[in-house]
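Peer 1: please work out how this folds:
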Amino acid sequence: MRRIRSSAGVFFAWMLLCLPACMVHAQSNHQDEAAQYSEAGQQALAAGQYDVAQTNLEKLAKLEPGIAEVHATLAVIYYKQRQYDLAVKEIRIAQKLKPGLPKLDSLLGQSLAEMGRFHDALPGLEKGFKQSADNEIRRMCGLQLLRAYTGLNRDPDAVEIALALNKYYPNDPEVLYHTGRIFGNIAYVVMEKLHDEAPNSVWMLQAQGEANEAQKDYDAAIVAFNHILVLDPKRPGIHYKLGRVYLRRYQEAHKPEDYDAAKSEFAAEVAVDPGNGNAAYELANIDLEQGNLEAARKGFEQVVARFPDFAEALVAIGGIRLQDQKPELALQPLQHASELRPDDKVAWYRLAQAERALGHREASQKAMGKFQELRKAGNVALGLKSSSADEVTQQQLGPGADSSTP
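Peer 2: Reported below is the predicted structural model:
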């Protein structure tokens with residue numbers, strides 16, 4: 001794993017608090033000279049002049065070798081200057097002089113990790129990540145833990161920390177970069193092992209098919225999925241995957257035979273696995289796209305009867321009921337869908353239509369306001385997951401959705 005690029009800035013606020021105490025102590029022993037070094041060091045730190053601060057604090061440490069805070073402050077400066085061996089030395093001295101001095105365990109762990117001494121770094125890093133109330137210290141310790149666990153080939157531990165970091169810091173670019181590398185590396189290693197252990201298995205073929213599909217190599221994906229069906233003709237989920245591939249290829253090339261093939265595969269999936277709600281949804285959606293509203297409605301309602309939280313099907317039912325001029329029957333499905341997926345602008349738009357048709361002016365304006373907010377922010381329903389694990393075709397905004405009123 002690459003070096004963690006963040007600085008030790010979080011420690012400097014604490015470090016500046018240490019200096020006044022050092023200065024008071026120094027005045028009682030070496031009044032003029034020690035106080036001069038302490039004050040000069042403090043001013044240099046405040047100005048970001050770390051070389052100057054280092055020089056003054058080193059002189060102060062010689063005059064006052066028994067003050068733990070001086071050594072701790074020097075340790076932080078050394079860390080900032082990437083002199084990690086000197087940072088470790090000063091931390092050890094400070095801990096011996098005052099064992100309870102805060103945050104030094106975390107700084108020690110980070111310094112040792114930067115030196116590649118991952119095993120020795122773990123106690124301090126784990127303590128900082130799991131116990132520190134300081135948000136930035138926890139973040140830095142977590143990033144260094146990723147590096148340490150990776151260096152020690154403790155991949156499961158690295159993944160655990162990566163998941164926790166994503167939870168704590170979901171929008172942090174550095175966290176996203178490093179955790180993404182962890183997940184990517186683990187996925188690659190696992191897939192390589194799958195290839196080595198079972199190169200001709202249905203699992204390897206499924207992985208190949210999904211990889212080809214992601215790369216838009218639809219022909220290769222179809223070959224891989226069909227190979228699975230040769231080995232296991234009634235294997236659940238494979239006809240559905242084939243249907244999705246044909247549907248994607250149709251959306252790009254617009255060949256009618258792909259659309260027909262997709263419908264056949266979805267029907268085959270339902271025959272193999274009647275409980276596959278995604279396949280049943282896709283069949284209903286094909287009816288909807290072909291204008292068979294009654295068949296589509298029945299299909300979507302059957303899906304919802306089995307999976308009450310299938311948001312995309314609820315949105316579809318609401319849309320059909322609006323076309324049938326039955327807003328009272330559209331209201332409940334659309335309300336439920338907007339609760340399940342508050343970022344789905346199609347659900348909010350159709351809900352605004354239903355509320356308006358029923359004369360619920362305030363509720364309609366509220367739903368339309370949410371729709372406009374999502375549209376302005378660029379949040380679209382496309383790409384959001386349905387209530388089921390696999391992707392399904394998303395419902396679309398109809399004509400007139402760009403207007404300010406439903």
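
Peer 1: first-to-last residue distance for stretch 270-278?
Peer 2: Taking Cα to Cα, to the nearest Å, stretch 270-278 runs 9 Å from one end to the other.

Peer 1: quick check: buried residues in it?
Peer 2: The neighbour-count check on stretch 270-278 (16 or more other Cβ atoms under 10 Å) flags Val270, Val272, Asp273, Asn276, Gly277, Asn278 as buried. Yep, even glycine has a C-beta here, placed from its N, CA and C like the rest.

Peer 1: ok, those residues vs Phe300, which is closest?
Peer 2: For the buried residues of stretch 270-278, the minimum distance to Phe300 (Cβ to Cβ) is 10.5 Å, reached by Gly277.

Peer 1: follow-up on the earlier one: narrow the buried residues of stretch 270-278 to those in strands?
Peer 2: Among the buried residues of stretch 270-278, no member falls in strands (criterion: DSSP state E).

Peer 1: closest to Arg356 out of those?
Peer 2: Proximity of the buried residues of stretch 270-278 to Arg356, judged by Cβ to Cβ, is greatest for Gly277, which lies at 30.7 Å.

Peer 1: tell me the contacts of the closest one?
Peer 2: For Gly277, the contacting residues are Val303, Arg306, Phe307, Phe310, Ala313, Ser388, taking Cβ atoms under 8 Å, 6 or more residues apart in numbering as the criterion.

Peer 1: quick one on the thing from earlier: including distance to Leu107, could the buried residues of stretch 270-278 go into a markdown table?
Peer 2: Supplementary listing: those in a markdown table, determined by distance: Cβ to Cβ, whole Å:
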| residue | distance to Leu107 |
| --- | --- |
| Val270 | 60 |
| Val272 | 59 |
| Asp273 | 56 |
| Asn276 | 54 |
| Gly277 | 53 |
| Asn278 | 51 |
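
Peer 1: which members of the residues you listed are the farthest-apart pair?
Peer 2: Using Cβ to Cβ, the buried residues of stretch 270-278 span at most 13.8 Å, a distance reached by Val272 and Gly277.

Peer 1: quick one on the thing from earlier: just the buried residues of stretch 270-278 now: which is nearest Gln215?
Peer 2: Of all the buried residues of stretch 270-278, the one sitting nearest Gln215 is Asn278; the distance, using Cβ to Cβ, is 21.9 Å.

Peer 1: I'd assumed Ala313 was in contact with that closest one.
Peer 2: No: at 10.0 Å, Asn278 and Ala313 do not qualify as touching, with contact defined as Cβ atoms under 8 Å.

Peer 1: show me which residues of stretch 300-316 are buried.
Peer 2: Neighbour-count burial for stretch 300-316 flags 300-304, 307, 310-316 (criterion: 16+ other Cβ under 10 Å).
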